[in-house]
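> Generate a structure from the sequence data that follows.
(chains A and B)
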Protein chains: 2
Amino acid sequence: MSLEKTLDRIDADLPNAIARLQDLLRIKSISTDPAFAGDCQRAAEWLVADLQSIGIDASVRPTPGHPMVVGHMDGPADAPHILFYGHYDVQPVDPLNLWDSDPFDPEVVDGPHGKTIRARGASDDKGQLMTFVEACRAWKEVNGALPCRLTILFEGEEESSSPSLVPFLEENADELRADLALICDTGLFQSKTPAIMTMLRGLVAEEVTIHAATRDLHSGMYGGIAMNPIRVLTRILGGMHDDQGRVTIPHFYDGVPDIDPDIAAQWDALGFDHAQFLGDVGLSVPAGEQDRTPLEMIWSRPTAEINGIWGGYTGAGFKTVLPAEAHAKVSFRLVGDQDPVAIRKNFRDWITAQLPADCTAEFKLSGGAGGSRMVTDHPLFEQTRDALTEEWGQEAAFIGCGGSIPIAGHFKTILGMDALLTGFARDDDNIHSPNEKYDIACFHKGIRSWARMLGKLA
Amino acid sequence: MSLEKTLDRIDADLPNAIARLQDLLRIKSISTDPAFAGDCQRAAEWLVADLQSIGIDASVRPTPGHPMVVGHMDGPADAPHILFYGHYDVQPVDPLNLWDSDPFDPEVVDGPHGKTIRARGASDDKGQLMTFVEACRAWKEVNGALPCRLTILFEGEEESSSPSLVPFLEENADELRADLALICDTGLFQSKTPAIMTMLRGLVAEEVTIHAATRDLHSGMYGGIAMNPIRVLTRILGGMHDDQGRVTIPHFYDGVPDIDPDIAAQWDALGFDHAQFLGDVGLSVPAGEQDRTPLEMIWSRPTAEINGIWGGYTGAGFKTVLPAEAHAKVSFRLVGDQDPVAIRKNFRDWITAQLPADCTAEFKLSGGAGGSRMVTDHPLFEQTRDALTEEWGQEAAFIGCGGSIPIAGHFKTILGMDALLTGFARDDDNIHSPNEKYDIACFHKGIRSWARMLGKLA
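Residues are numbered from 1 along each chain as shown, chains lettered A, B, ... in the order given. This next block holds a predicted model:
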């Protein structure tokens, strides 16, 4: 089997690969809007046909929502079995007037890093999932067969909270279970360094309502004697961090590990430029725990954030109301072994213990999951890292991720398999925003990266 | 001149007085909605005609908004000159489905304290202003002339922030200036004790916006490193009261007087039932400065209240956003010699001094005025108090008012005259709400109260 010939084939076929991606991008597979359900179906069918053209045994698999695409291809019996995951659905395109061209008429235009494809879904996630498909196509054409057993899973509801995903995984667990999942829905570190995410933060979200009087009161009549629930809410939540940026909820840091020294050394080597990272959004000072590095703050330390707050009169002008209730949405990013159930309970207890007479608190669950750390001792982690390093000409890194990628957790809990997350998006790809784009260089080197990874298996 | 005959006349004429009030209540004089401008004009014309029928030289006086009604009647040269103020405009009637009858078809129905007139404006303020008009009518019919010089001023924009009031007072100052203003737009203390308000709190209102990043951020990417302006806002405003309920803004209590011992004694004698006052709205514990009485909290002590707060995502579900800004509307009720300009400056300085790096604060003025204390040494204060005591069979009181009544301040600053505020509304009159009502007993005894007050002047 020849990697070099495969890479040559990828280079030569790039114009066709771009044309295929453009075909897929023309399909308006917006999953949140029922008006586009037919387009989602068409995108799934397009992918099935494309996978079949490579020789993958693919089919459209109905769900109560938008369909899944599942494909299989046999390989050497002693080779690893990998599952590749991506999603073919895209975000809505509003506000349309901020796009420089039709979001579903993919144009190749000049971008800040060379040629780029501008369209909704170009980066998130059609362009990224096609890097793997194109790598398989070239490998198969040059070498006749893949060096592994392969399962493909493409989802059509990732941008609309994946309502069908867990049931589908549960119902088809035996068919989908593999040795390792590859997930291609992330980006280069600081737009240039290839990276594998090995640490994801979890998320617990709570909505809290403080109730006081049975109705809104006039502050002329009741001001000074009636408890104002906004006063209570601000007092309690205003004390959620101490002056060193630490979260004050009891037992909040239970189960938070320090990072391994070798990971710390890798992170140091990344040369994260927090001044630029913050400067890009008009900030300058890392606001987290003051005894932690900026990368720890966003990757390996837990957070408590008020994502929304409201109460009383919020319209134009003024209304001297003492409202009956005040509300906040609070979320926690979790790491290591922090227990989502305990965090939720501790938060509720902490609020309740601080309530004055006449006030009660009501809580509304908004989902929760712990953080994940990938078990990186599967050989594919080091092999993929080497493949990335070779393709991109710089050391690939194991990095953390400040956000939560639920699919990785589902693969672990439902299918019992670890996930390897890598991808080639850049920070300026405008995902979820107008003028989404995917750089041709990322697409091209992404395909070559997967081919090199397949080469490690050969 | 005979008070007894006048009171008899009032009793005998009550059915006609009710019918007149009903006529006025049928006019839909909603001042905030331009669709009812013609009705406001009609209400002014109805009042002019009614005043003229008593012999008062009245006219409709145009303004850029809804017209004023001004009337004059001569009296003995050595008698005091009084100005009587009320307003003929009413609040909107939404939500209409919560009314038990058409808000502009005034019905006499059974109420919790006997017969009552149910209609928009019955209590606020058409019924109240007609108590004085009916007293003048009876006095004039029985005695041939009033015992004082009288000026009438009825406004048509009180429920829509009185945009034409100050210019009108300024332009007609010489015509309107009197020895004392009578304002009938308040209520009985705890629905039963006749009262004159001699202390009004002022109001300073500010909107504050905390700015952090230049755009909304995703808490997965930036959570932990980027400053969240809601965290800043809650921390600062959450510290606006200490655990004894005192406001912590520096110099906030400068100019706050302790109440005179004789006023304190009067207030003690009122037997204010704060448990019931709070219990009616589901509360139980006075939330103000813990070393003050409940009546001090609502009448003679200043307050700081957050009337509105908002920031981040406040819709259904969850969005893990770190917003670019967070907002609050804060108001202060002022008393004594507290200086609105100093309070505003101290508040702004106090916020600004607590801002962390990367945050700025922006302030928006929403008006401000100091508190007022009436100079009660005009003989009419004691005379009116005696008249009220005689009519209601219980000691009338000089009380405070937690709210602000701007007209009283305007009379002082523009016309140089003090104001005497009394009225006969009950707490359950549902002003500004569905099923507004005015008890026939209040209307009847209100007319008789004014007649007794005129009797003191005779």
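> Please enumerate the strands of the stretch 151-300 of chain A.
Secondary structure of the stretch 151-300 of chain A (DSSP state E, counting those that start in this stretch): strands located at A:180-183, A:195-200, A:202-211, A:217-218.
> Just name the most buried of the ones you listed.
Burial of these is given as mean neighbour count (mean count of other Cβ atoms under 10 Å in any protein chain shown); strand A:195-200 ranks first at a mean of 24. (Each C-beta comes from the backbone N, C-alpha and C, glycine too.)
> and of the strands of the stretch 151-300 of chain A, who's closest to chain B?
The minimum distance between chain B and those falls on strand A:202-211, with 4.8 Å, by Cβ to the nearest Cβ.
> secondary structure class for A:I117?
strand (DSSP: H, G, I helix; E, B strand; the rest coil).
> Can you report how many residues lie near the closest residue to chain B within the stretch 101-250 of chain A?
Closest to chain B within the stretch 101-250 of chain A is A:G220: 2.3 Å, counting by Cβ to the nearest Cβ. As a burial measure, A:G220 scores 20 neighbours (other Cβ atoms under 10 Å in any protein chain shown).
> quick revisit: same list (the strands of the stretch 151-300 of chain A) but as TSV, adding mean pLDDT.
Formatted as TSV, those follow (pLDDT from 0 to 100):
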stretch	mean pLDDT
strand A:180-183	96
strand A:195-200	94
strand A:202-211	95
strand A:217-218	90
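> In TSV: those strands, plus distance to chain B.
Putting the strands of the stretch 151-300 of chain A into TSV (distance: least, Cβ to the nearest Cβ, whole Å) gives the following:
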stretch	distance to chain B
strand A:180-183	15
strand A:195-200	9
strand A:202-211	5
strand A:217-218	6
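> any idea how far the residue nearest the centre of chain A is from A:F411?
Centroid-nearest residue in chain A: A:I405, 4.4 Å away (criterion: Cα atoms, centre = their mean). When Cβ to Cβ, to the nearest Å is the yardstick, A:I405 and A:F411 sit 10 Å from each other.
> who touches the closest residue in space to A:D349 that isn't next to it in sequence in this structure?
Nearest non-adjacent residue to A:D349, counting by Cβ to Cβ, 6 or more residues apart in numbering or on different chains: A:P250, 7.8 Å away. When contacts are counted by Cβ atoms under 8 Å, 6 or more residues apart in numbering or on different chains, A:P250 is found next to A:N346, A:D349, A:W350.
> Contact partners for the closest residue to chain B within the stretch 351-458 of chain A?
At 2.4 Å from chain B, A:G403 is the closest residue in the stretch 351-458 of chain A, using Cβ to the nearest Cβ. Going by Cβ under 8 Å, 6+ apart, A:G403 touches A:L200, A:R201, A:R333, B:H218, B:S219, B:G220, B:M221.
> Okay, and the third one sits in which element?
Okay, so that is A:R333. Assigning secondary structure by DSSP states H and E places A:R333 in strand A:325-334.
> Residues of the stretch 101-250 of chain A that sit close to chain B?
Counting by Cβ under 8 Å from any Cβ of the partner chain, the stretch 101-250 of chain A comes close to chain B at A:201, A:203, A:205, A:207, A:212-215, A:217-228, A:230-231, A:233-241.
> Give me the buried entries from those.
A:201, A:203, A:205, A:207, A:212-213, A:217, A:219-228, A:230-231, A:233-241 (16 or more other Cβ atoms under 10 Å in any protein chain shown).
> Narrow those to those in helices?
A:S219, A:G220, A:M221, A:Y222, A:I230, A:R231, A:L233, A:T234, A:R235, A:I236, A:L237 (DSSP state H).
> would you list these in a markdown table and tack on pLDDT and distance to A:P76?
Below are these laid out as a markdown table (pLDDT from 0 to 100; distance: Cβ to Cβ, whole Å):
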| residue | pLDDT | distance to A:P76 |
| --- | --- | --- |
| A:S219 | 88 | 76 |
| A:G220 | 86 | 82 |
| A:M221 | 87 | 81 |
| A:Y222 | 93 | 78 |
| A:I230 | 98 | 65 |
| A:R231 | 98 | 68 |
| A:L233 | 98 | 61 |
| A:T234 | 98 | 63 |
| A:R235 | 98 | 65 |
| A:I236 | 98 | 60 |
| A:L237 | 98 | 57 |
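> Redo these as CSV? Include distance to B:V60.
Converted to CSV, these look like this (distance: Cβ to Cβ, whole Å):
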residue, distance to B:V60
A:S219, 35
A:G220, 31
A:M221, 34
A:Y222, 38
A:I230, 44
A:R231, 47
A:L233, 50
A:T234, 49
A:R235, 53
A:I236, 55
A:L237, 54
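> SS state for the residue of the stretch 1-150 of chain A found nearest chain B?
Residue nearest to chain B within the stretch 1-150 of chain A (Cβ to the nearest Cβ): A:T32, separated by 12.1 Å. Under three-state DSSP, the three-state class of A:T32 is coil.
> Just give me the neighbour total for the spatially closest residue to it that is not a sequence neighbour.
Counting by Cβ to Cβ, 6+ apart, A:T32 lies nearest to A:S160, which is 4.4 Å off, once chain neighbours are set aside. Residues lying near A:S160 (other Cβ under 10 Å) number 18.
> mind listing what A:S160 touches?
Going by Cβ under 8 Å, 6+ apart, the list of residues near A:S160 reads A:S31, A:T32, A:G65, A:D89.
> Among those, show me the least confident.
The lowest pLDDT within those belongs to A:T32, with 91.
> Go ahead and confirm it touches A:E159.
Yes - between A:T32 and A:E159 there is a contact under Cβ atoms under 8 Å: 6.3 Å.
> Give me the nearest residue to A:E395, chain neighbours excluded.
In space, A:E395 is closest to A:T389, 5.6 Å off (Cβ to Cβ, 6+ apart).
> In which helix or strand does the one you found reside?
Assigned by DSSP H and E, A:T389 falls in helix A:379-392.
> same check, this time on A:L365
Per DSSP H and E: strand A:360-369 holds A:L365.
> Any buried residues in the longest helix along chain A, and which?
Secondary structure of chain A per DSSP H: the longest helix is helix A:3-25. Residues A:3, A:6-7, A:9-10, A:13-14, A:17-18, A:20-22, A:24-25 are the ones in helix A:3-25 that count as buried (16+ other Cβ under 10 Å).
> Let's test this: mean pLDDT of that helix, rounded?
98.
> per-residue confidence at the residue of the stretch 351-458 of chain A closest to chain B?
For A:G403, pLDDT reads 86.
> So, low pLDDT: which residues of the stretch 351-458 of chain A?
Residue ranges of the stretch 351-458 of chain A with pLDDT under 70: none are present.
> Now A:E289. Nearest residue, chain neighbours left out?
A:G245 (4.6 Å).
> Quick check: the gap between that neighbour and A:K445.
From A:G245 to A:K445 the distance is 38 Å (Cβ to Cβ).
> ditto for A:M197
In terms of Cβ to Cβ, A:M197 sits 18 Å off from A:K445.
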